[in-house]
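Trainee: Fold the following for me, if possible:
(chains A and B)
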2 protein chains.
Amino acid sequence: MKHLNIIESNGFNDLSLSKFLVHDSPYFKILNFNFKAGQQLPIHSHDIEGQLSILVLEGEGEFLGADGATLPAKTGDILIADIAEPHGIRGATDMRVVVTIAPPI
Amino acid sequence: MKHLNIIESNGFNDLSLSKFLVHDSPYFKILNFNFKAGQQLPIHSHDIEGQLSILVLEGEGEFLGADGATLPAKTGDILIADIAEPHGIRGATDMRVVVTIAPPI
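Mentor: I've put the predicted structure just below:
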């Protein structure tokens, strides 16, 4: 059993998004990304089986999809995608998100 | 690709915790539970392989473990446990949590 606070465990970085590995196991990988306004996880995909969720814990921004598509990303918003689908995220304010990938990559 | 807001999708219920199925796939199941102060998901376990995470999106309460153990649960707190380990959660204020189970049960 593991217990931690994601907000206390990871801050913000002026130079690039701040990445924190919350958990990695044979079942899933959990990551926290913190974005300052304007920072982003560029759109990408991996040609493998599985799905991921991106949950906004705090702040606002946009989820990024294929062909320039964007979807609002604010506290409580969740995006679920195949790992093989293009996905990304960009902060409009300071923003904390939690990404869960199953199976882990 | 699925996109929704968990806060807008599920409210609170005076009589019992309010459960909302966010997503179910062969890879993971994602659930949202909302607790009014004093409501709980009683401690339980399932004798199967896999792990789960419980992330507090809003509010405060306690994670419940074996033998009466408790751990603080506030915004940004995450508990990760084997599905076979006893786990539960109780709200001290109105509280929203997101549970991810992999593989899904």
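
Trainee: Enumerate every residue touching A:Phe20.
Mentor: A:Ile6, A:Ser9, A:Asn10, A:Leu31, A:Asn32, A:Phe33, A:Asn34 (Cβ atoms under 8 Å, 6 or more residues apart in numbering or on different chains). All C-beta spots, glycine's among them, are computed from the backbone N, C-alpha and C.

Trainee: For chain A, which residues score under the pLDDT cut-off?
Mentor: By pLDDT under 70, chain A has no low-scoring segment.

Trainee: wait, A:Phe12 sits on A:Phe33?
Mentor: No: when contacts are counted by Cβ atoms under 8 Å, A:Phe12 is not listed as touching A:Phe33 (10.5 Å).

Trainee: Which residues of chain A lie near chain B?
Mentor: Residues of chain A lying close to chain B (Cβ under 8 Å from any Cβ of the partner chain) are A:1-8, A:22-23, A:25, A:27-28, A:30, A:50-51, A:53, A:55, A:57, A:63, A:65, A:71, A:74-82, A:85, A:87, A:96, A:98, A:100, A:102-103.

Trainee: ok, of the residues you listed, which come out buried?
Mentor: For these, a neighbour count by 16 or more other Cβ atoms under 10 Å in any protein chain shown gives the buried set as A:4, A:6-7, A:22-23, A:25, A:27-28, A:30, A:50-51, A:53, A:55, A:57, A:63, A:65, A:74-82, A:87, A:96, A:98, A:100, A:102-103.

Trainee: Touching, A:Gly59 and A:Asp77? I think so.
Mentor: No: applying Cβ under 8 Å, one finds A:Gly59 not in contact with A:Asp77, separated by 10.5 Å.

Trainee: Now A:Asn32. Nearest residue, chain neighbours left out?
Mentor: A:Phe20 (4.4 Å; Cβ to Cβ, 6 or more residues apart in numbering or on different chains).

Trainee: The closest residue to A:Phe35 other than its chain neighbours: what's it in contact with?
Mentor: Spatially, and ignoring its direct neighbours in sequence, A:Phe35 is nearest to A:Gly91 (3.1 Å; Cβ to Cβ, 6+ apart). By Cβ under 8 Å, 6+ apart, A:Gly91 lies in contact with A:Phe35, A:Lys36, A:Ala37, A:Gly38, A:Gln39, A:Gln40, A:Gly59, A:Glu60, A:Gly61.
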